[in-house]
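>>> Output the structure for:
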Amino acid sequence: MYRKKDDLEQLIKSLTSSEKAHITKTFKQSKEDSMYVSLYEEIQNAKSLASPPDSRLRGKVLINKKYVLYETILKHLKQMHATLSPDVEIQNLLADVEILYNHSLAGQAMRLLVKARSIAEINEKYGLYLQVLNWEQKLSIVMNSPLRSIEAIRTEEEDILAKTAQINLLLSFYS
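Sure thing, here's the model as predicted:
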């Protein structure tokens, strides 16, 4: 969350050239408020972090615009890096599953959950795998024809817990 005066400037200065290009391209395509685009460009082109952007905005309006710009940049970075890490990809899929579940679209949620389960299994992300199985149980209860029985899901959950315990035991040898 945007809290300090220079957080936005530091975030913009820390962006790689490909991230800057992606954000600039996204701003131009998405009809974002031109005030945000100009503020972004002013901060990006500023010589030092100490010099304020040469903007007509002052006071609370400027603070508000900076806050929205900060949040918008983070949103675009999340979209850009969504598939770089299996952890992030699974978490994003689980967030989508929850949204679909809340809209009573269990079938669509289950399709995403199958994808999340596959990614978790391939990458041995057992903590996230347990979350996937938890969602599968919830969806199985509300679906007319679930993919698997609750018992099959619980058996798989026990297997994952056993693998996690084994990993923890092996890690304890190193500490």
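>>> distance of Val61 from Asp7?
Using CB to CB, to the nearest Å, Val61 is found at 18 Å from Asp7. (Glycine included, C-beta is placed from N, CA and C.)
>>> Which SSE is immediately downstream of the worst-scoring helix or strand of the chain on mean pLDDT?
When the helices and strands of the chain are scored by mean pLDDT, DSSP states H and E, helix 34-45 comes last with a mean of 78. For helix 34-45, the following helix or strand on the C-terminal side (DSSP states H and E) is helix 59-80.
>>> Report the distance from that next one to the chain centre.
Using CA atoms, centre = their mean, to the nearest Å, the mean C-alpha position of helix 59-80 is found 16 Å from that of the whole chain.
>>> Quick check: mean pLDDT of it?
Across helix 59-80, the average pLDDT comes to 85.
>>> Packing partners of it?
Judged by 3 or more CB pairs under 8 Å, 6 or more residues apart in numbering; DSSP states H and E, the packing partners of helix 59-80 are helix 7-14, helix 17-29, helix 34-45.
>>> Any idea how many residues pack against Ile160?
19 (other CB atoms under 10 Å).
>>> hang on, the earlier thing: now do the least confident helix or strand of the chain: distance to the chain's middle.
Using CA atoms, centre = their mean, the offset of helix 34-45 from its chain centre is 24 Å.
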